[in-house]
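Trainee: sequence and predicted structure, then a few things I'm wondering about:
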Amino acid sequence: MPHPIMFDDDDPVLAKIRTVALAFPDATEVVAHGRPTFRCGKMFGNYGGGEKGSKIRHDQSILFIADPAEREALLADSRFYLPAYVGAYGWVGLILDEDTDWTEVGELLDASYRQIAPKKSVAKLEGQQPT
């Protein structure tokens with residue numbers, strides 16, 4: 001049985017996330033488990049999620065692989081949460097609202113992308129020729 005769709009394609013916040021996430025070299029969007037995911041081979045972003053250990057959903061949020069050096073500081077900020085299922089693997093969620101700093105979203109997705117993207121894709125990001 002497929003997962004139900006848990007997003008609205010006309011969501012303006014999702015449109016902004018798509019603009020940021022799909023700007024990375026070789027990035028694609030795939031719907032998985034009812035939500036848009038952003039990938040470059042492996043997943044580096046997921047739109048929407050729930051908090052670990054609760055039934056609280058944040059449909060307008062972005063999940064990303066946090067830089068290990070910044071993860072604890074991010075989780076100490078009330079805008080961030082530990083997502084169900086993937087939180088144990090280094091993922092963090094950021095709740096998106098009218099006060100969202102989209103430069104920060106880009107930086108967080110950039111760090112996530114760099115952790116999973118192939119070297120040739122990261123080289124494109126840095127404006128270099130792949131080796």
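Mentor: Right, received. Where do you want to start? Numbers count the residues shown, from 1 in each chain.
Trainee: which residues does Trp91 bridge with?
Mentor: Using DSSP bridges, the bridge partners assigned to Trp91 are Ile65.
Trainee: that one is in contact with Phe80, isn't it?
Mentor: No. The pair Trp91 / Phe80 is not scored as a contact, 10.8 Å apart, by Cβ atoms under 8 Å. Just so you know, the C-beta spots here come from the backbone N, C-alpha and C atoms, and that holds for glycine as well.
Trainee: more neighbours: which of these two?
Mentor: Neighbours per residue (other Cβ atoms under 10 Å) separate Trp91 from Phe80, with Trp91 holding more: 22 against 19.
Trainee: roughly how far apart are the more buried one and Lys119?
Mentor: Distance, Trp91 to Lys119, by Cβ to Cβ, to the nearest Å: 22 Å.
Trainee: how about Thr19?
Mentor: As judged by Cβ to Cβ, Thr19 and Lys119 stand 25 Å apart.
Trainee: could you do Phe7 as well?
Mentor: Computed as Cβ to Cβ, the Phe7 to Lys119 distance reads 32 Å.
Trainee: poorly predicted segments of this protein, please.
Mentor: 128-131 (pLDDT under 70).
Trainee: and if we set it to 90?
Mentor: Counting by pLDDT under 90, the chain contains low-confidence ranges at 1-3, 126-131.
Trainee: remind me, longest helix of it?
Mentor: For the chain, the helix with the greatest residue count under DSSP state H is helix 102-116.
Trainee: mind giving me the packing neighbours of that helix?
Mentor: Contacts defined by 3 or more Cβ pairs under 8 Å, 6 or more residues apart in numbering; DSSP states H and E place helix 102-116 against helix 12-21, strand 35-40, strand 42-50, strand 57-65, helix 119-125.
Trainee: what's next to stretch 10-29, contact-wise?
Mentor: Stretch 10-29 is contacted from outside by 7-8, 36-41, 44-45, 47, 60, 62, 96, 100, 102, 105-106, 109-110, 113, 117-118, 121-122, 124-125, using Cβ atoms under 8 Å, 6 or more residues apart in numbering.
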